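J.: could you look at this predicted model? Sequence included:
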Amino acid sequence: MVILEVNNLKVYFPIKAGIFNRTVNHIKAVDDVSFSIEQGKTYGLVGESGSGKTTTGRAVMGLENITAGTIIFDGKDITKKQSKTKDVRRNIQMIFQDPYSSLNPRKRVKDIIAEPLRNFENLSKQEEKKRVQELLELVGLSPESILKYPHEFSGGQRQRIGIARAIALKPKLIIADEPVSALDVSVQAQVLNFMRDIQKELGLTYIFISHDLGIVKHMCDDIAIMYKGRYVEQGTKEEIFNYPQHIYTKRLVSAIPDTEPGNREKRFKFRQDIQKEFEESYDDYFDSDGLAYSLKPVSDTHLVALPEKG
Amino acid sequence: MWKFIVRRMLTTFPQLILLSVIIFLMAQAMPGDALTGLVDPNVDRAAIEEQREKLGLNDPWHIKYADWVSGLLQGDLGQSFRYKMDVTDLIEQRLINTFWLAVATLLFTYIIALPLGILSGRYNDTLLDSSITGYTYIGFATPLFIFALVMLWVFGYQLQWFPTGGSVAPGLEAGSMDYILSKVNHLLLPALSMALIQTVSTVQYLRSEIVDTKQKEFVVTARAKGASETRVYNRHIFRNSLLPIAAYFSYEITLLITGTIFVERIFSYPGMGQLFLDSIVQRDFSVVTAVVLLFGLAAILGALVSDIILSIIDPRIRIK
Amino acid sequence: MEINQMNMDKQSQNLTKSPSSFRILWRELVRDKLALISLLFLIIIGIFVYGSSLILDQSEIVKVDLFAINEPPSEEFILGTDYGGRDVFGQLIIGTRNSISIGLIVTLLSGMIGVTFGLTAGYFGGHVDNVLMRILDFFQVLPFTMLVIVFVAIVPNYSILAFSLIFTAFSWMSIARVIRSKALQEKELDYVQASRTLGTSHPKIIFREMMPNVSSLIIVTMTLNLASNIGLESGLSFLGFGFPESTPSLGTLLSYATNPQTLEHRWWIWVPAAVMILVLMLAVRNVGEALRRATDARQRRG
């Protein structure tokens, strides 16, 4: 079942100038992006910084003004801000990149995790406390820590608190915006595995935004590659990693480090070949503005941005 | 830059309109109107009512406002019922007195601020700097009127160096050398009192500006190239630090407006501030309205000038 | 998972508790000797003035006694009497109390308006910020003293409450500006965005999420404002447009000095009030400056 459908999403930021502050131009942060996600799956959005992946996530979340396009969630059109009813709001939640700034330093863990509960559910003090403790336990933190402040936790623990807050309302869709990039590598795996565990347990759907292909490979079922606000390639994990079609994707995939030392020479040669191909065929893959073309299907699930034949 | 100036001027218009509306409403709220003072109490009520109707005093407010504004634009500020003369004429002499007081104060302000700020910034964290900073710290916490009272008490009454009131000694012929000297003499103490208090923010600003600039790359580069210390200060630091002071101009104007009210009262100096206070006490509200309007105008235009100077000097603020 | 959890609990115990910002403010205040003395002084003055004004009879003090006009300090009147034969020392105490009270009231009221205004402008940003800032610019450019005087003169049923309201109406701008620029930075932090995604309403985000995080700045700005408000009030009373003469403030005592005779020959009437205003303002400022240093980690002394 499709839970989220995004059609021709555009998010433009105006550039203002002149005496009357008229809009003279736009930055096209997200330019004509479409995708759909099946319930229970993890959809990966990959791209370098400034590619529009975070803006896409924030637009779905309702944190950005949408210039054009539609967003259908669970059969309902939620493009307009007013159409985000309480019911919709509680079903889409977000995990933030920075576990330090995303928790209010002046609030106790109890109040942080209970914030969504207080907004949507009328619980008594006792029930609320019980729920918060359950959530803490679920994310692997001691239920006794409800009276602590965020600064008393490590980065990984803080991110777990952020996750506990996001899953408190049992949402259907969670947008995870680089959830582990601010964490130490040793803690990243912990948090990622934990995210997969609760996904199974609660039947969550993720939009997983990341610039790290290795992590995306580990987490995602379907993957989209973004570049300068446009999709470059979209497909299942196997398609993207085993049969990348676009040169930009190929470069990204070739850049994933290999842990097998014996393959070092081979990988190096491979990367050099890709780099050579990239330099030679850049014009075949990008238009005169350096942007990707519109997507053409290669198979049922695999789409690539290639110019018209000819 | 031109874009910024034009845009900044455009925002001045709503400010001026808002100011005029506020002052108009204030004038409406004041008890009495043009007839209260003029009309003989023996005239019967019906005649007064007829007169009111003729003068448009019973019109709806927006028509009254339009009349008032068109009067203003022609320089008609109404009649003072106390002095039985046009407010415009009444204000003229006072305005000149206050203008010279303001000029003298600004002059003193900068004469004091520049050397103190520069010395304090150049030799920061020395004994000299600490004493200057101490002065600014206390100056900040001292209300002008207390300082002015003390100045008057010490230099006016105890030492008798300066006259204790008025704007000119009586019996001197206008325009003569003695007359001008006497005027200057009467100006000195009030202007100095104001300047000594008002200057502290400029001193402080200049000091921190210089201390900041001292550590900037281009100053370090200049030193590294072997420029002499004096040259570094004159050519690089001083010039870069002096300019942002323009930002304080509008602030100085606001301080001046408040300052003149206190200082003119304390030194019995016949200027706008004194006129304002007298008129309030005597309920001569057409004069009050005129004075507030003029001072409000001065403040708004002061802010405009200050922003424009700043935009010429500092390209960064033009962006927004 | 079990082992993991134990590890993490250990970790969190090892992390030292970083001090809360109120504790930092307090610690800085205690380290700064001048500020500490100032604070103690303010506390003592406060207790003395509020305590003794419970005993003193205000109507007795402001009662005109024509047989004891302008007497110099003596045993009966520690600081002499004024032109109405009223005890200057008693007036000084009541005046100090009134000046502090009105300073506190105006600072709190204007603080409330300013903080709300600044947080709203900063949180919403964009057009809302633009419009609010234009309003603020306009208010700030207006000649404060003149307008307060005019309003004091024309308001019917003039009372202390009316005075505080008029005063407040023209003195909320500086704190609004300070809080707004802080709020502009604060709202970019993820916790504000997070609250939005969690369905928290705008007013709740502004007052429950953001306000606690700018609280130390609010305290500092309000302390510094208190000093200047005491000065402004005494200035207005000095001109005769603050407190009515039946409720003396420190400025009322100073206004007697507009009479050249009093200024020149009867120092006991106005000098104590002048000194009191100066000392009060300096003391409050010292405390405020110490607090300001505490909020700026680079300037902290300890």
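T.: That came in fine, so what should we check first? Residues are numbered from 1 along each chain as shown, chains lettered A, B, ... in the order given.

J.: what's stretch B:155-166 in contact with?
T.: Outside stretch B:155-166, the residues that touch it by Cβ atoms under 8 Å, 6 or more residues apart in numbering or on different chains are B:152, B:169, B:185-186, B:188-189, B:267-270, C:260, C:263-264. The C-beta positions use only the backbone N, C-alpha and C, and glycine is treated the same way.

J.: what do you get for stretch A:194-210?
T.: The contact list for stretch A:194-210, computed with Cβ under 8 Å, 6+ apart, reads A:3-4, A:37-46, A:53-54, A:56-57, A:60, A:138-140, A:160, A:163, A:167, A:170-179, A:181, A:216, A:219-220.

J.: before we move on, the earlier item: most surrounded residue in the contacts of stretch B:155-166?
T.: Tallying neighbours with other Cβ atoms under 10 Å in any protein chain shown puts B:Phe267 at the head of the contacts of stretch B:155-166, with 28 neighbours.

J.: leaving out sequence neighbours, find the closest residue to that one.
T.: Leaving aside its chain neighbours, B:Phe267 sits nearest to B:Pro190 (4.5 Å; criterion: Cβ to Cβ, 6 or more residues apart in numbering or on different chains).

J.: now swap in A:Glu277 and tell me
T.: A:Ile247 (6.3 Å).

J.: which ones are touching that neighbour?
T.: Counting by Cβ under 8 Å, 6+ apart, A:Ile247 makes contact with A:274, A:277-278, A:281-282, A:284-285.

J.: and A:Gln234, that's in a helix?
T.: No - looking at A:Gln234 with DSSP: H, G, I helix; E, B strand; the rest coil, it is strand, so not inside a helix.

J.: what's the local residue count around it?
T.: Count around A:Gln234 with other Cβ under 10 Å applied: 27.

J.: do the same with the one 5 residues further on
T.: Residues contacting A:Glu239 under the criterion other Cβ under 10 Å number 21.

J.: repeat for A:Thr70
T.: If you count neighbours by other Cβ under 10 Å, A:Thr70 ends up with 15.

J.: does it touch A:Lys80 like I think?
T.: No - using Cβ atoms under 8 Å, A:Thr70 is not in contact with A:Lys80; the gap is 9.7 Å.

J.: so which of the contacts of stretch A:194-210 are in helices?
T.: Mapping those onto helices (DSSP state H) picks out A:53-54, A:56-57, A:60, A:138, A:160, A:163, A:167, A:216, A:219.

J.: which of those residues sits closest to B:Lys3?
T.: Set against B:Lys3, the nearest of these by Cβ to Cβ is A:Thr54 (32.9 Å).

J.: spatially central residue for the chain, please.
T.: No chain was given, so I picked chain A. What sits nearest the mean C-alpha location of chain A, by Cα atoms, centre = their mean, is A:Ile209, with 2.4 Å.

J.: wrong chain, I was asking about chain C
T.: Central residue of chain C (Cα atoms, centre = their mean): C:Leu226, 1.8 Å from the mean position.

J.: the residue lying closest to that residue once chain neighbours are set aside sits in which helix or strand?
T.: Closest residue in space to C:Leu226, ignoring its immediate chain neighbours: C:Thr107 at 4.6 Å, by Cβ to Cβ, 6+ apart. Using DSSP states H and E, C:Thr107 maps to helix C:88-124.
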